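**Student:** sequence-free structure coming up:
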(Lines give C-alpha, C1' and ligand atoms only; values in the text may rest on other atoms or scores of the structure.)
Protein backbone atom coordinates (compact mmCIF):
# COMPACT_ATOMS: atom_id res chain seq x y z
CA UNK A 1 0.00 0.00 0.00
CA UNK A 2 2.99 2.28 -0.22
CA UNK A 3 1.78 3.26 -3.70
CA UNK A 4 -1.40 4.65 -2.17
CA UNK A 5 0.54 6.87 0.26
CA UNK A 6 2.79 8.10 -2.54
CA UNK A 7 -0.24 8.96 -4.64
CA UNK A 8 -1.73 10.98 -1.80
CA UNK A 9 1.47 12.97 -1.54
CA UNK A 10 1.40 13.72 -5.31
CA UNK A 11 -2.32 14.58 -5.25
CA UNK A 12 -3.00 11.52 -7.40
CA UNK A 13 -5.15 8.50 -6.66
CA UNK A 14 -4.51 4.82 -6.11
CA UNK A 15 -6.39 2.03 -7.86
CA UNK A 16 -6.49 -1.36 -6.15
CA UNK A 17 -8.07 -4.26 -8.05
CA UNK A 18 -8.99 -7.27 -5.93
CA UNK A 19 -10.21 -10.20 -8.00
CA UNK A 20 -12.16 -12.48 -5.66
CA UNK A 21 -9.85 -11.61 -2.74
CA UNK A 22 -9.20 -13.86 0.20
CA UNK A 23 -10.24 -12.79 3.68
CA UNK A 24 -6.66 -11.77 4.50
CA UNK A 25 -6.25 -9.68 1.34
CA UNK A 26 -9.52 -7.94 1.89
CA UNK A 27 -8.71 -7.25 5.55
CA UNK A 28 -5.45 -5.52 4.55
CA UNK A 29 -7.35 -3.21 2.17
CA UNK A 30 -9.91 -2.45 4.86
CA UNK A 31 -7.19 -1.44 7.31
CA UNK A 32 -5.43 0.74 4.74
CA UNK A 33 -8.51 2.74 3.82
CA UNK A 34 -9.68 3.56 7.33
CA UNK A 35 -11.91 5.25 8.45
CA UNK A 36 -14.01 3.91 5.56
CA UNK A 37 -13.58 0.32 6.63
CA UNK A 38 -17.21 -0.19 7.63
CA UNK A 39 -18.48 0.74 4.20
CA UNK A 40 -15.65 -1.09 2.45
CA UNK A 41 -16.50 -4.27 4.30
CA UNK A 42 -19.79 -4.26 2.37
CA UNK A 43 -17.86 -5.65 -0.61
CA UNK A 44 -18.00 -9.13 0.86
CA UNK A 45 -21.80 -9.16 0.86
CA UNK A 46 -23.77 -10.24 -2.22
CA UNK A 47 -25.77 -7.61 -4.08
CA UNK A 48 -28.69 -8.36 -6.35
CA UNK A 49 -29.05 -5.14 -8.37
CA UNK A 50 -26.78 -2.45 -9.85
CA UNK A 51 -26.63 0.66 -7.71
CA UNK A 52 -24.59 3.67 -6.64
CA UNK A 53 -24.59 4.88 -3.06
CA UNK A 54 -22.80 8.04 -2.03
CA UNK A 55 -21.83 9.14 1.46
CA UNK A 56 -19.76 12.12 2.55
CA UNK A 57 -16.39 10.67 1.61
CA UNK A 58 -17.13 7.40 -0.17
CA UNK A 59 -19.00 6.16 -3.24
CA UNK A 60 -20.04 2.52 -3.36
CA UNK A 61 -21.20 1.09 -6.71
CA UNK A 62 -22.35 -2.33 -7.92
CA UNK A 63 -22.28 -3.10 -11.64
CA UNK A 64 -23.45 -6.28 -13.35
CA UNK A 65 -21.45 -7.67 -16.25
CA UNK A 66 -22.91 -10.15 -18.74
CA UNK A 67 -21.54 -12.59 -21.28
CA UNK A 68 -23.41 -14.82 -23.74
CA UNK A 69 -22.17 -18.42 -23.80
CA UNK A 70 -22.71 -20.03 -27.20
CA UNK A 71 -22.47 -23.70 -26.29
CA UNK A 72 -25.03 -23.88 -23.43
CA UNK A 73 -26.95 -20.92 -24.94
CA UNK A 74 -26.94 -19.19 -21.55
CA UNK A 75 -26.14 -15.78 -20.08
CA UNK A 76 -23.35 -15.58 -17.53
CA UNK A 77 -23.77 -12.71 -15.07
CA UNK A 78 -20.80 -11.29 -13.18
CA UNK A 79 -20.43 -8.46 -10.73
CA UNK A 80 -18.05 -5.59 -10.07
CA UNK A 81 -18.07 -3.68 -6.79
CA UNK A 82 -16.38 -0.31 -6.64
CA UNK A 83 -15.34 1.79 -3.66
CA UNK A 84 -14.35 5.29 -4.64
CA UNK A 85 -12.86 7.88 -2.35
CA UNK A 86 -11.24 11.24 -2.99
CA UNK A 87 -7.88 9.63 -3.77
CA UNK A 88 -8.50 5.92 -4.22
CA UNK A 89 -10.51 3.35 -6.15
CA UNK A 90 -11.00 -0.23 -5.05
CA UNK A 91 -12.54 -2.61 -7.60
CA UNK A 92 -13.69 -6.07 -6.59
CA UNK A 93 -14.74 -8.06 -9.70
CA UNK A 94 -16.50 -11.38 -9.27
CA UNK A 95 -16.62 -13.82 -12.16
CA UNK A 96 -14.73 -14.01 -15.44
CA UNK A 97 -16.47 -11.17 -17.29
CA UNK A 98 -14.69 -8.21 -15.72
CA UNK A 99 -13.40 -5.47 -18.10
CA UNK A 100 -11.27 -3.80 -15.37
CA UNK A 101 -7.93 -4.41 -17.12
CA UNK A 102 -9.29 -3.03 -20.38
CA UNK A 103 -10.50 0.08 -18.56
CA UNK A 104 -7.02 0.58 -17.15
CA UNK A 105 -5.57 0.56 -20.68
CA UNK A 106 -8.22 3.00 -21.91
CA UNK A 107 -7.56 5.50 -19.13
CA UNK A 108 -3.79 5.22 -19.50
CA UNK A 109 -4.24 6.12 -23.17
CA UNK A 110 -6.44 9.13 -22.27
CA UNK A 111 -4.55 11.22 -19.69
CA UNK A 112 -7.16 14.00 -19.77
CA UNK A 113 -9.87 11.65 -18.53
CA UNK A 114 -7.51 10.02 -16.06
CA UNK A 115 -6.79 13.42 -14.50
CA UNK A 116 -10.46 13.70 -13.60
CA UNK A 117 -9.73 11.33 -10.76
CA UNK A 118 -11.47 8.24 -9.40
CA UNK A 119 -14.87 9.10 -10.94
CA UNK A 120 -13.31 8.60 -14.38
CA UNK A 121 -12.76 4.94 -13.49
CA UNK A 122 -16.45 4.56 -12.67
CA UNK A 123 -17.58 6.27 -15.89
CA UNK A 124 -15.31 4.30 -18.23
CA UNK A 125 -15.96 1.02 -16.46
CA UNK A 126 -19.70 1.62 -16.68
CA UNK A 127 -19.35 2.28 -20.41
CA UNK A 128 -17.48 -0.96 -21.00
CA UNK A 129 -20.03 -2.92 -18.99
CA UNK A 130 -22.91 -1.55 -21.07
CA UNK A 131 -21.04 -2.20 -24.34
CA UNK A 132 -20.66 -5.81 -23.22
CA UNK A 133 -24.44 -6.20 -23.22
CA UNK A 134 -24.69 -5.95 -27.04
CA UNK A 135 -23.44 -9.51 -27.79
CA UNK A 136 -25.79 -10.84 -25.11
CA UNK A 137 -28.78 -9.11 -26.72
CA UNK A 138 -27.78 -10.52 -30.11
CA UNK A 139 -27.41 -14.03 -28.72
CA UNK A 140 -30.80 -13.95 -27.01
CA UNK A 141 -32.42 -12.60 -30.17
CA UNK A 142 -31.04 -15.50 -32.21
CA UNK A 143 -32.26 -18.00 -29.62
CA UNK A 144 -35.78 -16.55 -29.71
CA UNK A 145 -35.88 -16.78 -33.50
CA UNK A 146 -34.85 -20.45 -33.31
CA UNK A 147 -37.54 -21.13 -30.71
CA UNK A 148 -40.21 -19.56 -32.93
CA UNK A 149 -39.26 -22.00 -35.70
CA UNK A 150 -39.29 -24.93 -33.27
CA UNK A 151 -42.74 -24.03 -31.89
CA UNK A 152 -44.40 -24.06 -35.31
CA UNK A 153 -42.31 -27.03 -36.40
CA UNK A 154 -43.69 -29.19 -33.61
CA UNK A 155 -40.31 -29.77 -31.91
CA UNK A 156 -40.93 -32.04 -28.88
CA UNK A 157 -38.48 -30.32 -26.51
CA UNK A 158 -39.41 -26.72 -27.27
CA UNK A 159 -41.43 -26.16 -24.08
CA UNK A 160 -38.43 -26.81 -21.87
CA UNK A 161 -36.25 -24.55 -23.99
CA UNK A 162 -38.80 -21.71 -23.81
CA UNK A 163 -38.82 -21.85 -20.01
CA UNK A 164 -35.01 -21.97 -19.84
CA UNK A 165 -34.63 -18.99 -22.16
CA UNK A 166 -37.31 -17.08 -20.27
CA UNK A 167 -35.27 -17.58 -17.11
CA UNK A 168 -32.12 -16.30 -18.84
CA UNK A 169 -33.96 -13.19 -20.07
CA UNK A 170 -35.30 -12.42 -16.58
CA UNK A 171 -31.82 -12.83 -15.11
CA UNK A 172 -30.37 -10.48 -17.72
CA UNK A 173 -33.18 -7.99 -17.14
CA UNK A 174 -32.42 -7.87 -13.43
CA UNK A 175 -28.82 -7.02 -14.28
CA UNK A 176 -29.61 -4.30 -16.83
CA UNK A 177 -32.90 -2.57 -16.00
CA UNK A 178 -31.81 -0.76 -12.81
CA UNK A 179 -28.75 0.58 -14.62
CA UNK A 180 -30.81 3.28 -16.35
CA UNK A 181 -31.47 5.01 -13.05
CA UNK A 182 -27.81 4.69 -12.07
CA UNK A 183 -26.58 6.41 -15.25
CA UNK A 184 -29.32 9.04 -15.04
CA UNK A 185 -28.07 10.01 -11.58
CA UNK A 186 -24.51 10.35 -12.90
CA UNK A 187 -25.73 12.59 -15.75
CA UNK A 188 -27.43 14.93 -13.28
CA UNK A 189 -24.30 15.12 -11.13
CA UNK A 190 -21.82 15.71 -13.97
CA UNK A 191 -20.62 19.29 -14.51
CA UNK A 192 -18.08 18.71 -17.28
CA UNK A 193 -19.67 19.23 -20.69
CA UNK A 194 -17.74 16.55 -22.58
CA UNK A 195 -18.11 13.96 -19.86
CA UNK A 196 -21.80 14.80 -19.58
CA UNK A 197 -22.21 14.13 -23.31
CA UNK A 198 -20.57 10.72 -22.92
CA UNK A 199 -22.83 9.87 -20.02
CA UNK A 200 -25.97 10.92 -21.91
CA UNK A 201 -24.96 8.66 -24.81
CA UNK A 202 -24.36 5.88 -22.32
CA UNK A 203 -27.78 6.51 -20.79
CA UNK A 204 -29.36 6.12 -24.23
CA UNK A 205 -27.55 2.80 -24.78
CA UNK A 206 -28.66 1.56 -21.38
CA UNK A 207 -32.31 2.44 -22.03
CA UNK A 208 -32.22 0.72 -25.44
CA UNK A 209 -30.87 -2.47 -23.89
CA UNK A 210 -33.58 -2.36 -21.21
CA UNK A 211 -36.27 -1.89 -23.87
CA UNK A 212 -34.93 -4.77 -25.98
CA UNK A 213 -34.83 -7.10 -23.01
CA UNK A 214 -38.39 -6.13 -22.06
CA UNK A 215 -39.45 -6.88 -25.65
CA UNK A 216 -37.75 -10.28 -25.39
CA UNK A 217 -39.68 -11.04 -22.23
CA UNK A 218 -43.01 -10.09 -23.78
CA UNK A 219 -42.22 -12.03 -26.95
CA UNK A 220 -41.33 -15.16 -25.00
CA UNK A 221 -44.57 -14.82 -23.04
CA UNK A 222 -46.48 -14.75 -26.35
CA UNK A 223 -44.49 -17.71 -27.72
CA UNK A 224 -45.19 -19.67 -24.56
CA UNK A 225 -48.91 -18.92 -24.88
CA UNK A 226 -48.93 -20.04 -28.53
CA UNK A 227 -47.03 -23.21 -27.66
CA UNK A 228 -49.47 -24.09 -24.89
CA UNK A 229 -52.36 -23.48 -27.31
CA UNK A 230 -50.81 -25.75 -29.92
CA UNK A 231 -50.20 -28.43 -27.30
CA UNK A 232 -53.83 -28.09 -26.19
CA UNK A 233 -55.07 -28.41 -29.77
CA UNK A 234 -52.95 -31.48 -30.32
CA UNK A 235 -54.15 -33.06 -27.09
CA UNK A 236 -57.75 -32.22 -27.98
CA UNK A 237 -57.35 -33.89 -31.38
CA UNK A 238 -55.98 -36.99 -29.72
CA UNK A 239 -58.91 -37.03 -27.29
CA UNK A 240 -61.40 -36.78 -30.17
CA UNK A 241 -59.76 -39.67 -32.02
CA UNK A 242 -59.74 -41.87 -28.95
CA UNK A 243 -63.41 -41.07 -28.23
CA UNK A 244 -64.44 -41.73 -31.86
CA UNK A 245 -62.72 -45.13 -32.02
CA UNK A 246 -64.19 -46.04 -28.65
CA UNK A 247 -67.70 -45.26 -29.99
CA UNK A 248 -67.07 -47.29 -33.15
CA UNK A 249 -65.95 -50.32 -31.17
CA UNK A 250 -68.41 -50.17 -28.31
CA UNK A 251 -71.54 -50.96 -30.41
CA UNK A 252 -70.27 -54.34 -31.72
CA UNK A 253 -68.97 -55.11 -28.26
CA UNK A 254 -72.37 -54.28 -26.75
CA UNK A 255 -74.29 -56.52 -29.22
CA UNK A 256 -71.84 -59.36 -28.74
CA UNK A 257 -72.13 -58.97 -24.97
CA UNK A 258 -75.93 -59.15 -25.06
CA UNK A 259 -75.95 -62.32 -27.15
CA UNK A 260 -73.31 -63.81 -24.91
CA UNK A 261 -75.68 -63.84 -21.95
CA UNK A 262 -77.23 -67.19 -21.03
CA UNK A 263 -80.96 -66.56 -21.61
CA UNK A 264 -83.32 -69.07 -23.29
CA UNK A 265 -85.59 -66.50 -24.87
CA UNK A 266 -83.63 -63.98 -26.96
CA UNK A 267 -84.50 -62.26 -30.29
CA UNK A 268 -83.77 -64.42 -33.31
CA UNK A 269 -82.03 -67.02 -31.17
CA UNK A 270 -83.39 -69.98 -33.16
CA UNK A 271 -83.54 -68.21 -36.54
CA UNK A 272 -81.11 -69.83 -39.04
CA UNK A 273 -79.91 -66.43 -40.25
CA UNK A 274 -79.71 -64.93 -36.78
CA UNK A 275 -75.91 -65.28 -36.45
CA UNK A 276 -75.07 -63.70 -39.86
CA UNK A 277 -77.67 -60.99 -39.13
CA UNK A 278 -76.02 -60.09 -35.81
CA UNK A 279 -72.56 -59.93 -37.42
CA UNK A 280 -73.84 -57.82 -40.32
CA UNK A 281 -75.60 -55.47 -37.89
CA UNK A 282 -72.37 -54.95 -35.94
CA UNK A 283 -70.34 -54.24 -39.10
CA UNK A 284 -72.94 -51.85 -40.55
CA UNK A 285 -73.27 -49.83 -37.35
CA UNK A 286 -69.46 -49.64 -37.00
CA UNK A 287 -69.10 -48.43 -40.62
CA UNK A 288 -71.86 -45.87 -40.12
CA UNK A 289 -70.16 -44.46 -37.02
CA UNK A 290 -66.75 -44.46 -38.70
CA UNK A 291 -68.05 -42.44 -41.68
CA UNK A 292 -69.91 -40.04 -39.38
CA UNK A 293 -66.79 -39.35 -37.29
CA UNK A 294 -64.67 -39.07 -40.43
CA UNK A 295 -66.92 -36.36 -41.87
CA UNK A 296 -66.86 -34.43 -38.60
CA UNK A 297 -63.05 -34.47 -38.49
CA UNK A 298 -62.74 -36.60 -35.40
CA UNK A 299 -60.95 -39.35 -37.33
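**Tutor:** That came in fine, so what should we check first? On a predicted model such as this, the values are computed, not experimentally measured, just so you know.
**Student:** When you work out contacts or count neighbours from here on, use the C-alpha atoms and nothing else.
**Tutor:** OK.
**Student:** Do a quick rundown of the strands in the stretch 151-299 of the chain.
**Tutor:** Using DSSP state E, counting those that start in this stretch, no strands are assigned anywhere in the stretch 151-299 of the chain.
**Student:** so where's it uncertain?
**Tutor:** For the stretch 151-299 of the chain, applying pLDDT under 70 flags the ranges 153-157, 228-248, 251, 254-275, 293, 296-299.
**Student:** can you map out the helices along it?
**Tutor:** In chain order, the stretch 151-299 of the chain shows helices spanning 158-176, 179-189, 193-259, 274-296, with DSSP state H, counting those that start in this stretch as the criterion.
**Student:** which stretch among these comes nearest residue 77?
**Tutor:** helix 158-176 (7.5 Å; Cα to Cα).
**Student:** buried residues in the closest one?
**Tutor:** With burial defined by 16 or more other Cα atoms under 10 Å, the residues of helix 158-176 counted as buried are 158, 159, 162, 165, 166, 168, 169, 172, 173, 174, 175, 176.
**Student:** again with stretch 194-211
**Tutor:** In stretch 194-211, residues buried by neighbour count (16+ other Cα under 10 Å) are 195, 196, 199, 200, 202, 203, 205, 206, 207, 209, 210.
**Student:** With respect to residue 98, which of the helices of the stretch 151-299 of the chain lies nearest?
**Tutor:** Shortest separation from residue 98 across the helices of the stretch 151-299 of the chain is recorded for helix 158-176, at 14.3 Å, computed as Cα to Cα.
**Student:** surely residue 282 meets residue 250?
**Tutor:** No - here residue 282 does not reach residue 250: they are 9.8 Å apart, not a contact under Cα atoms under 8 Å.
**Student:** Output the buried residues of helix 158-176 in a markdown table, with distance to residue 130 appended to each entry.
**Tutor:** Shown next, in a markdown table, are these (distance: Cα to Cα, whole Å):
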| residue | distance to residue 130 |
| --- | --- |
| 158 | 31 |
| 159 | 31 |
| 162 | 26 |
| 165 | 21 |
| 166 | 21 |
| 168 | 18 |
| 169 | 16 |
| 172 | 12 |
| 173 | 13 |
| 174 | 14 |
| 175 | 11 |
| 176 | 8 |
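**Student:** which one is residue 15 nearest to, not counting chain neighbours?
**Tutor:** In space, residue 15 comes closest to residue 89 once its chain neighbours are excluded; the distance is 4.7 Å by Cα to Cα, 6 or more residues apart in numbering.
**Student:** in a strand, that's where that neighbour is, yeah?
**Tutor:** Yes - secondary structure assignment (DSSP: H, G, I helix; E, B strand; the rest coil) places residue 89 inside a strand.
**Student:** Go ahead and confirm it touches residue 82.
**Tutor:** Yes - using Cα under 8 Å, residue 89 and residue 82 qualify as a contacting pair, with a distance of 6.9 Å.
**Student:** ok, back up a step: quick one: residues contacting the residue nearest to residue 15.
**Tutor:** Residue 89 makes contacts with 13, 14, 15, 16, 82, 83, 118, 121, as judged by Cα atoms under 8 Å, 6 or more residues apart in numbering.
**Student:** Out of the residues you listed, name the ones that lie in helices.
**Tutor:** Counting by DSSP state H, the members of those that fall within helices are 118, 121.
**Student:** ok, back up a step: switch the buried residues of stretch 194-211 over to CSV; also include distance to residue 150.
**Tutor:** Below are the buried residues of stretch 194-211 laid out as CSV (distance: Cα to Cα, whole Å):
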residue, distance to residue 150
195, 46
196, 46
199, 41
200, 40
202, 36
203, 36
205, 31
206, 31
207, 30
209, 26
210, 26
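**Student:** out of those residues, what pair is the most spread apart?
**Tutor:** For these, with distances taken as Cα to Cα, the pair at the greatest spread is 195 and 210 (22.5 Å).
**Student:** about what we covered before: ok, so of the contacts of residue 89, who is nearest residue 109?
**Tutor:** residue 121 (13.0 Å).
**Student:** measure the closest one to residue 20 for me?
**Tutor:** Taking Cα to Cα, to the nearest Å as the criterion, residue 121 is separated from residue 20 by 19 Å.
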